[in-house]
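Peer 1: structure for the following, please:
(2 chains)
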There are 2 protein chains.
Amino acid sequence: MENKQMLMIPGPTPVPESVLLAMAKHPIGHRSGDFSKVIAELTENLKWLHQTSGDVLMLTASGTGAMEAGIINFLSPGDRVLVGDNGKFGERWGKVAKAFGLNAEIIKAEWGKPLDPEVFKAKLAEDKEKTIKAVIVTHSETSTGVLNDLEAINKAVKEHGEALIIVDAVTSLGAFNIPIDEWGLDVVGSGSQKGYMIPPGLAFVSVSQKAWKAYETAKIPRFYLDLGKYKKATDENSSPFTPPINLMYGLQAALQMMRREGLESIFARHLRLTAATRAGMKALGLPLFAPDHAASTAITAVAPVGVDAEKIRSTLRKQFDIAVAGGQDHLKGKIFRIGHLGFASERDVLTVIAAIEATLIELGYDGVTAGAGVAAAAGVFAAG
Amino acid sequence: MENKQMLMIPGPTPVPESVLLAMAKHPIGHRSGDFSKVIAELTENLKWLHQTSGDVLMLTASGTGAMEAGIINFLSPGDRVLVGDNGKFGERWGKVAKAFGLNAEIIKAEWGKPLDPEVFKAKLAEDKEKTIKAVIVTHSETSTGVLNDLEAINKAVKEHGEALIIVDAVTSLGAFNIPIDEWGLDVVGSGSQKGYMIPPGLAFVSVSQKAWKAYETAKIPRFYLDLGKYKKATDENSSPFTPPINLMYGLQAALQMMRREGLESIFARHLRLTAATRAGMKALGLPLFAPDHAASTAITAVAPVGVDAEKIRSTLRKQFDIAVAGGQDHLKGKIFRIGHLGFASERDVLTVIAAIEATLIELGYDGVTAGAGVAAAAGVFAAG
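Peer 2: Residues are numbered from 1 along each chain as shown, chains lettered A, B, ... in the order given. A predicted model of the protein is given here:
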């Protein structure tokens, strides 16, 4: 059957019909007074979502573009930075740092395990001369479903006092509570096709006062991704370059929906979907790739034993029209990843668990009890 | 009345309904086989539109992002480049060149006048040591409606033999014949909200073999805009970073429409709309800002005498629901700009001329003959 696909990958995520239809409106001029009003509304609602009174800037870019902007605007070639790397995205920020001539110390953890905040703490405590200019951390590591302990790492950065904390929140912004002002996070990057419930093409960077101070002396060359230009324009409800007007119409509808749901409800929903997904997988005898204490609320990675993860994935796709993501790089065939962020409901989680059950039975997976996965998830939902 | 606006600015341009509805489709995974097919089709059709068998790469960016990518991927800090500057965009590429440490020689012409190819020719002919690494030229200068003589400037570059030619074709690609392979243009940047008939958010860069050769030794740092990553992915019908899926659905519909119309018809239509617009303005006694021999086929800038251009613009907007663009920087109030590129028809041009006539009569503009503008445009259309 055509056009029956259900999207449960970690981005793009499902998009509400109201957002899709908002995007189908005819564009108006981005320098018009009417569009300035749209930008003003978006900026206000983005600050609400980011829990900040600081700046939240919109870029026409992918999440990687946002993170690159978040790095190059506040540092100079040769600057010492610590980069957490426990998955494909952490690894990427290390590459970005090196591409721009930063002196990057990579702090690794095995893929599937969280970064150890104590390692950051020790490095930062040792740095009496304050040579560390920034700590770059991926919050929810999309490639493994691990949620790093941002709060603990950030505390170590705050004790250091000088270094900026630059956060990849691409799959956690809107899916997990990140009180930017309360924690004092300096730079937080994210992308539209995740918790925002809209298609890809828009990226976001929040910037603290402390980061703007660093901006003044930062020497990595930049133009299109020069955040100073975005701040100046945003302060005037404008954009430095032609913005993706129709995606912004979509964002307008999505942020209005999110405000109606409320931040607490959104975060609670993601926690509930995560708990139910994990309970369902465990009940089916499927090992989870990330430990419970470091579980992303955006994505659950599952590491089946004795069966190629790609086989499960292709059956889900062909027979049940559900798209889940595969493993990346060396994890291909070893894990599959269920996205449950953004416009994702309890019904979606029940559905994907039911389809995984049916798939395992079809593939003759050892020890699977029919109905056990859905029952476990239903139990989580019943408990509230 | 609400929602009755007619868009006649130089971007965003009007978007066909089929494109808007294509964009409202639910996204699918960008790493899926089905989406690879979409990328393959887009790449083939983009090569057709660009008249090249070389690479045409898609970026999530504005046109400025495409141009920055076109500059930083092929040059190293300190490289000598010539930059044509006769308007806001030429001026911008000079700023980009300087931001990345290039040794940029700015070749100016007055805003409203075309660049003089002889100046480029002389500079290039003098350069016996081949120190000039690139010539950066804006083809259609959106801020003034001037079409620079790209063919003549390119001939001088080809006689030099070493320098790359890097072209801003943001408002000319799809609106004017640019035979990339035949002329040997090395790098050509453009943006979706212009001749492509889709909303902003996608940008394009075509790259010649000679430019790829320069890429190998180019040292300006880059990551998100590293075109080598885009080439590698495009060769596999993929993308290096999450692409703007829904805009690409729109592009798919738009390129299919363009193929049905045919390149020759598209270019002839733009020439016809330009001739009719200019004839209409002249018949109304409105001076044109760019001379006939250097008239952009994307946009006509009009410089009314004795009345503020913003007054004409605001009457067009308030009374007739037509958006035309104003002048930028020191041209604010001095000119208004009519966009007639992309999804623009003869009817659109008749409409805007009729509304300008009505506006001039209302404002008591000296020497306007009612009906003269529409009559002149109709004459152009009747002549074919």
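Peer 1: from here on, just use CA atoms for contacts and neighbour counts.
Peer 2: Will do.
Peer 1: how about the nearest residue to A:S18 once chain neighbours are set aside, what does it touch?
Peer 2: The spatial neighbour of A:S18 that comes closest, neighbours along the chain excluded (Cα to Cα, 6 or more residues apart in numbering or on different chains), is A:A253 at 6.7 Å. Contact analysis of A:A253 by Cα atoms under 8 Å, 6 or more residues apart in numbering or on different chains lists A:18-19, A:22.
Peer 1: A:A253: which element?
Peer 2: Assigned by DSSP states H and E, A:A253 belongs to helix A:245-261.
Peer 1: give me the number of residues near A:S76?
Peer 2: Using other Cα atoms under 10 Å in any protein chain shown, A:S76 has 21 neighbouring residues.
Peer 1: need the pLDDT of the nearest residue to it once chain neighbours are set aside.
Peer 2: Closest residue to A:S76 apart from its sequence neighbours, by Cα to Cα, 6+ apart: A:K219 at 4.5 Å. Per-residue confidence (pLDDT) for A:K219: 98.
Peer 1: next one: the one 4 residues further on
Peer 2: Model confidence at A:F223, expressed as pLDDT, equals 98.
Peer 1: not counting its neighbours along the chain, what's nearest it?
Peer 2: Nearest one to A:F223, counting by Cα to Cα, 6+ apart, is B:V96 at 6.2 Å.
Peer 1: so A:L82, which of the three states?
Peer 2: Assigned with DSSP: H, G, I helix; E, B strand; the rest coil, A:L82 falls in the strand class.
Peer 1: work out for me the element the residue nearest to A:S76 sits within.
Peer 2: A:K219 is part of no helix or strand when elements are defined by DSSP H and E.
Peer 1: try A:T300
Peer 2: With DSSP H and E as the test, A:T300 turns up in strand A:299-302.
Peer 1: quick one: check that strand for contact with chain B.
Peer 2: No - using Cα under 8 Å from any Cα of the partner chain, strand A:299-302 stays clear of chain B, coming no nearer than 15.0 Å.
Peer 1: re the thing from before, got the contact list for the residue nearest to A:S76?
Peer 2: For A:K219, the contacting residues are A:73, A:75-77, by Cα under 8 Å, 6+ apart.
Peer 1: for those residues, which one is nearest chain B?
Peer 2: Closest to chain B out of the contacts of A:K219 is A:P77 (10.4 Å), distances taken as Cα to the nearest Cα.
Peer 1: leaving out chain neighbours, which residue sits closest to A:L225?
Peer 2: Spatial nearest neighbour of A:L225, chain neighbours left out: A:A69 (5.4 Å); criterion: Cα to Cα, 6+ apart.
Peer 1: so what pLDDT did that neighbour get?
Peer 2: As predicted, A:A69 sits at a pLDDT of 98.
Peer 1: and A:N3, by the same measure?
Peer 2: 86.
Peer 1: that one falls within a helix, correct?
Peer 2: No - applying three-state DSSP, one finds A:N3 to be coil, outside a helix.
Peer 1: from chain B, how far out is it?
Peer 2: Using Cα to the nearest Cα, to the nearest Å, A:N3 is found at 9 Å from chain B.
Peer 1: could you do A:V83 as well?
Peer 2: Taking Cα to the nearest Cα, one finds A:V83 at 16 Å from chain B.
Peer 1: count of neighbours near that residue?
Peer 2: Neighbours of A:V83 using other Cα under 10 Å come to 25.
Peer 1: mind listing what it touches?
Peer 2: Here A:V83 is in contact with A:90, A:93-94, A:104-107, A:135-137 (Cα under 8 Å, 6+ apart).
Peer 1: tell me the residues on the stretch 51-200 of chain A that lie near chain B, please.
Peer 2: Contacts of the stretch 51-200 of chain A with chain B, taken as Cα under 8 Å from any Cα, map to A:60-65, A:68, A:96, A:99-100, A:199-200.
Peer 1: only whichever of those residues are buried, select them in PyMOL.
Peer 2: The following PyMOL line selects those of those that are buried, judged by 16 or more other Cα atoms under 10 Å in any protein chain shown:
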select buried, chain A and resi 60+61+62+63+64+65+68+96+100+199+200
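Peer 1: show me the strands in the stretch 151-300 of chain A, by range?
Peer 2: A:164-168, A:187-191, A:202-207, A:299-302 (DSSP state E, counting those that start in this stretch).
Peer 1: tell me the confidence at the most centrally placed residue in chain A?
Peer 2: Using Cα atoms, centre = their mean, the residue of chain A that lies closest to the mean C-alpha position is A:T171, 1.3 Å off. For A:T171, the pLDDT comes out at 95.
Peer 1: give the contact list for it.
Peer 2: Contacts here follow Cα under 8 Å, 6+ apart; on that basis A:T171 touches A:10, A:139-142, A:190-191, A:194-195, A:298, A:341.
Peer 1: got a quick PyMOL command for the buried subset of those?
Peer 2: Filtering these down to the buried ones (16+ other Cα under 10 Å) takes a single PyMOL command:
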select buried, chain A and resi 10+139+140+141+142+190+191+194+195+298+341
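Peer 1: now render the contacts of A:T171 as JSON lines, adding pLDDT.
Peer 2: Below are the contacts of A:T171 laid out as JSON lines (pLDDT from 0 to 100):
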{"residue": "A:P10", "pLDDT": "95"}
{"residue": "A:H139", "pLDDT": "98"}
{"residue": "A:S140", "pLDDT": "98"}
{"residue": "A:E141", "pLDDT": "97"}
{"residue": "A:T142", "pLDDT": "97"}
{"residue": "A:S190", "pLDDT": "98"}
{"residue": "A:G191", "pLDDT": "96"}
{"residue": "A:K194", "pLDDT": "95"}
{"residue": "A:G195", "pLDDT": "96"}
{"residue": "A:A298", "pLDDT": "98"}
{"residue": "A:L341", "pLDDT": "97"}
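Peer 1: among the contacts of A:T171, which are in helices?
Peer 2: Assigned to helices by DSSP state H, none of the contacts of A:T171 qualify.
Peer 1: nearest to A:E261 among the contacts of A:K219?
Peer 2: A:N73 (34.0 Å; Cα to Cα).
Peer 1: from B:F100, how far out is the closest one?
Peer 2: Here the criterion is Cα to Cα, to the nearest Å. By it, A:N73 lies 14 Å from B:F100.
Peer 1: before we move on, what about A:S18?
Peer 2: Applying Cα to Cα to A:S18 and B:F100 gives a distance of 42 Å.
Peer 1: what kind of secondary structure is A:D34 in?
Peer 2: helix.
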